[in-house]
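Asks: only geometry, no sequence info:
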DNA sequence: GCCAACGTTGGC
DNA sequence: GCCAACGTTGGC
């Protein structure tokens, strides 16, 4: 089993949306970066654990945990002309982008703030806190996962 | 295959 | 809203 961190803008999809969805999977679509896609497509497996990170908002940080309940499949939004994620270069027999399903595990009792994460020497390798990082799906090592969980 | 121009991300 | 940093595009 592997560990990951997914960024999301809470205005789009927040940890509270997972809370409300309870046992209903949330379709994680709209990833449009090749490196992130490759992680989704090649390495995300059912049962993997995912930190849900809130970006571009007032309270930036890790808000909770979800797990992968369906591995990669073609992202439906790439075929949807009404979606902002529509990709004219994608076709049903040659999809470019993939989605996974995530299911709620738990919300953290309090948000782990970005500045807190940045303050820990053991997390300097985490892509999230590297300057200029733009990955929206990134691997988290077991050690990093445990370090972060220990903050709660 | 290079690389300039452009668009996007995301913290501040 | 700013802007640094990065990824993507497309002409050559």
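Replies: Thanks, I have the structure now. These numbers come from a predicted model, not from an experiment. Numbers count the residues shown, from 1 in each chain, chains lettered A, B, ... in the order given.

Asks: Make sure residue A:4 is actually in contact with residue A:52.
Replies: No - contact criterion Cβ atoms under 8 Å: residue A:4 and residue A:52 do not qualify, at 9.9 Å. (Each C-beta comes from the backbone N, C-alpha and C, glycine too.)

Asks: So the two - more neighbours on which side?
Replies: Neighbours were counted for residue A:4 and for residue A:52 using other Cβ atoms under 10 Å; residue A:52 has more, 26 against 23.

Asks: need the contact list for that one.
Replies: Each residue near residue A:52 by Cβ atoms under 8 Å, 6 or more residues apart in numbering is listed here: A:6, A:8, A:15, A:18, A:62-66.

Asks: Now go through those residues and say which are in helices.
Replies: A:15, A:18 (DSSP state H).

Asks: of the contacts of residue A:52, closest to residue A:112?
Replies: residue A:62 (4.4 Å; Cβ to Cβ).

Asks: Next, the contact list for the residue lying closest to the closest one once chain neighbours are set aside, please.
Replies: The shortest distance from residue A:62 to any non-neighbouring residue, by Cβ to Cβ, 6 or more residues apart in numbering, is to residue A:112 (4.4 Å). The contact partners of residue A:112, by Cβ under 8 Å, 6+ apart, come to A:61-62, A:148, A:151-152.

Asks: Kind regards, and thank you for your time.
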